[in-house]
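Peer 1: Sequence and predicted model, in that order:
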Amino acid sequence: MQPQTLYEMLLRLAGNYRWTWAPACEDLLRSLPGARISIHPVETVRSLSDGQLATLATDDDLVARARREIEALETQGRLDVPAIAYFSAEFGISHHALQYAGGLGVLAGDHLKASSDTGLPLVGVGLFYHLGAFHQEIRDGVQVERLARVEPEKIAAVDTGVVVEVPFPGREVKAKVHRVEVGRVELLLLDTHDESNPTEDRAITDSLYLGSAQQRTAQEMILGVGGVRALRAMGWDPAVHHLNEGHAGFATLELLDRVITNGDIDAAVQVVRQHVVFTTHTPVPAGITRLRRDILMPYLEIWSTRWGVDPERLWALGSDPDNGDEFNMPMFCLRLSRTANGVSRLHGEVSRGLFASLPEGKAITHVTNGVHARSWTARSIQDLFDDALGAGWDAGEVEAWEPATAIDDETIGSVRREGSDRLSRRVKDFGISLDPDALIIGFARRFAPYKRATLVLAERARLAELLGDDDRPIHFLFAGKAHPANEAGRSILGDVVGFSNSAESMGRFSFVPDYDMEIGGLLVQGVDIWLNNPVRLEEASGTSGEKAALNGALNLSALDGWWAEMYDGENGWAIPSSHAEEPGQRDAEDAAGLMDVLISARNEHFDARGRFNNRIRHAWRTLGPRVTAARMLDDYRRQIYRI
C-alpha cells in the first residue's frame, strides 16, 4: 500500500469518534508510533513521519486491520438526512475533546453514539469552546482551575465552510460551523472565532459555563438561533428539534421567524410547538436558569420589531407566574414544546410539581437516562458479555441478559480484578497506593452541596474503624470538580481533599484530581461499590451508577434518580433517607444510615462472597437491559420523537 493512502485511511479512522466504542479501531490507532493516552489519535496520525508511514505501509497485518475498520465505516454508511436535531450546550464524546463539563454533556455524547448504533437519523448541535472546560489542579488542598486552548483540528472538528449570522442588539454576530463525526452521526459545533467579528464577539464561545450572565445569554443565542440557521445552511430541515435543557431554548425564536405572519404570535407558537421537544434536568428551583430583563429584552426587541409584536408578548412566553420580572428558560421551553420529559420516573414527578403553575408543566413525562454500553463497559467484560449473552446485550434486550445469572464466581472475580488492577495502576500517577484486593468504594461527580460528598465524614469514629481494619481493607476513591463560582461546592471539595491528606485517612481515603471521561471510565470499571448519597429528590438521574452497574460494581445509593425505580432489594443497596425537615438533623440521620449500610456491604464482601457475587449476577440481569442508552433511545423514539 502507498504510504499516502495508508495515511488518509488512518486519518479518517482517527477523525471519526467511532473508535471510542470500537475496540479494534482504538487498538489499531493506539499501536501507532508516538500514540499515548494523553494524545488525540488525530494528532498521533498527523505526527507520523514519512519514514514511519513507509514502514507502516509494509506491515501487512496493520494494513489489513486498517482496511477492515474502513470497511466497517463504509458498510454502516452515513445516516439519512436527519429527522431530529439534538441541541445541547455541551457534548462529552471523549476525554480528548474537553467540550463538556459534566453529566449533561456526557449524556449528550452517549445520545449521539446510541443514535449511530441504532440508526436513528439525528444530528447534534452545540458550540465549540476554544478554552473548553477547565482542568483541575489541587494546590494546598484547594481547587485551582486551569484553562487550555483547544483548536478545532486537534479534536477532529472540520470546518464546513458554512458561516451563519445571528442577530444581536445593534449588530450581527457570525459563527463558523464545524463538523464532528460520531460513527454515523454528525455533530455541528458553532464557533464565533470568525475574523470578521470584533474581539469581544469572538470570545463568546471561549469557555463553557464560566462567563458572565451576558456571555451566557450570548452563547445561548448562538446555540439556539445560530444552530437552527446552521441546519438550514447544511440543507437540513429536521422535523423534531430536541432541546436538551433550556440552554438551546432560543432555537424557537428562529423557528417562529419561519412561520409567523401578520404578527400572529399565538398561531406561530402553535405551529412551532409541533416540532419542538424539551428535556429538563432541573430538580430544584435553584437550578432554573433565570434571565434578567435588562440583559434579555434587547435581544427580544430584535424579533418583536421584526414581527410587529409587542416585546412584552415575547417576554410573557418565558415569564414565571410567580415572578414576572425574570425570564424563566425552562418555562419558555415548556410553552414552546409539544412534549417535555424529566430524566427518571421520580424526576418526572418532581418536575410536574416544580412547574405545576403551567399547564405544560403538569404534563411533563419521563424518559430515564441510559448510558452507551460499549463506551463505558470494560473490554474484558464486553468480551464476557459477547460470549455469554450474545452480541445484543448492549441493545437493551431483556432476554439477552437472562444468561447473566449463570456467570460463575471465578469469571466474575477475574474480570473484576482486571478493572481494579487498571485503576490501581492509573491512580499511582497521582501518588495513590491502591490495593486491588481491597473493597474499593467510588464517589465521583460534580461537587455541589446537594450531592453531599462529605456525608461519609460525618460518622468519623465508625469511618475510622472501617479504614483501620487490616483484615478487611477498604479504600474510598473520590473525584469531581466544583464550579469555580460555587463557594459551597469548593468548600466541600476542600474538606474531602483535607481528609484524604490527613493521618485519619490512613492512606485509604483518596482524592483523584482532574476528573474527566478517562478517569470516570476507570473508576466505574475498577471499583466494587458505587456510592451516591444526594439529598433525596434533588438528583435528576445520576447516570454514573448505571455505568458502574454494567461493570459489575454494586450501587449503594439513596433512592433517588434512576436508582429509585430500578433498585429491587437484591441488586445493590439503598441508603435510608431521613424524613427530618431540618437539614442538619436530616444529614446526621442519613449519615448514620449510610454507615449502617456500608458496614453491612463491607461484611458481605469479605465474609459472604458468594452472596456478594449473587448480587452482581442479579444486578446484571435486572439492570443490564434497563441502563443502556439503546433502551433510552427507544423510549425517546416511541414516546417523545414519535417518528
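Peer 2: It's in. Residues are numbered from 1 along each chain as shown.
Peer 1: Name the residues of stretch 136-155 that come out as buried.
Peer 2: Taking 16 or more other Cβ atoms under 10 Å as the neighbour-count basis, stretch 136-155 is seen to contain the buried residues 136, 138, 143, 147, 150, 152, 155. (Each C-beta comes from the backbone N, C-alpha and C, glycine too.)
Peer 1: Equivalent analysis for stretch 189-206, please.
Peer 2: Using 16+ other Cβ under 10 Å as the test for burial, stretch 189-206 gives 189-193, 197, 201-206.
Peer 1: Counting only helices, which of those make the cut?
Peer 2: Among those, the members falling in helices (DSSP state H) are 201-202.
Peer 1: Identify, from the buried residues of stretch 189-206, the entry nearest to Q76.
Peer 2: For the buried residues of stretch 189-206, the residue nearest Q76 by Cβ to Cβ is L189; the value is 22.4 Å.
Peer 1: Tell me who's in contact with the nearest residue to the closest one once chain neighbours are set aside.
Peer 2: The shortest distance from L189 to any residue that is not its chain neighbour, by Cβ to Cβ, 6 or more residues apart in numbering, is 3.9 Å, and that residue is F128. Contacts were defined as Cβ atoms under 8 Å, 6 or more residues apart in numbering; by that measure F128 touches 99, 152, 157, 178, 189-191, 205.
Peer 1: ok, those vs P283, which is closest?
Peer 2: When the contacts of F128 are ranked by distance to P283 (Cβ to Cβ), Q99 comes first, at 24.6 Å.
Peer 1: Run through the residues that contact that closest one.
Peer 2: Listed by Cβ under 8 Å, 6+ apart, the contact set of Q99 reads 90-93, 105, 126-129, 132-133, 150, 155, 189, 208.
Peer 1: Which of those residues sits closest to L466?
Peer 2: Within those, distances to L466 taken as Cβ to Cβ reach their minimum at G92, with 33.1 Å.
Peer 1: Distance from stretch 475-486 to the middle of the chain?
Peer 2: Centroid separation between stretch 475-486 and its chain, computed with Cα atoms, centre = their mean, to the nearest Å, is 16 Å.
Peer 1: what's the spacing between the residue nearest to L189 and D191?
Peer 2: 4 Å (Cβ to Cβ, to the nearest Å).
Peer 1: who touches both of these two?
Peer 2: If you check F128 and D191 against Cβ under 8 Å, 6+ apart, the residues they both contact are 152, 178, 205.
Peer 1: helix or strand right after the longest helix along the chain?
Peer 2: When the chain is parsed with DSSP H, its longest helix is helix 583-607. Following helix 583-607 in sequence order, the next helix or strand is helix 609-623 (DSSP states H and E).
Peer 1: Buried by neighbour count: which residues of that next one qualify?
Peer 2: Burial within helix 609-623, assessed by neighbour count using 16+ other Cβ under 10 Å, is assigned to 612-623.
Peer 1: Kindly spell out which helices and strands sit in contact with that helix.
Peer 2: Using 3 or more Cβ pairs under 8 Å, 6 or more residues apart in numbering; DSSP states H and E as the contact definition, the elements that helix 609-623 packs against are helix 409-427, helix 544-550, strand 554-558, helix 583-607.
Peer 1: got the angle for that helix vs strand 554-558?
Peer 2: Relative orientation of helix 609-623 with respect to strand 554-558: 70 degrees, computed using axes from the mean of the first three to the mean of the last three Cα atoms, to 10 degrees.
Peer 1: Return the very next helix or strand once past helix 609-623 as PDB; C-alpha atoms alone will do.
Peer 2: Next along the chain after helix 609-623, taking DSSP H and E as the criterion, comes helix 629-635. Only the C-alpha atoms of helix 629-635 are listed here, as PDB (Å, rounded to 0.1, in the frame of the first residue of the first chain):
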ATOM      1  CA  ALA A 629     -28.700   4.200  26.000                       C
ATOM      2  CA  ALA A 630     -30.200   1.900  23.400                       C
ATOM      3  CA  ARG A 631     -33.200   1.400  25.700                       C
ATOM      4  CA  MET A 632     -33.300   5.200  26.400                       C
ATOM      5  CA  LEU A 633     -33.300   6.000  22.700                       C
ATOM      6  CA  ASP A 634     -36.000   3.500  22.000                       C
ATOM      7  CA  ASP A 635     -38.100   5.300  24.700                       C
END
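Peer 1: Can you tell me what sits against helix 629-635?
Peer 2: When contacts are taken as Cβ under 8 Å, 6+ apart, the neighbours of helix 629-635 outside the stretch itself are 110-111, 113-115, 117-118, 120, 367-373, 394-396, 625.
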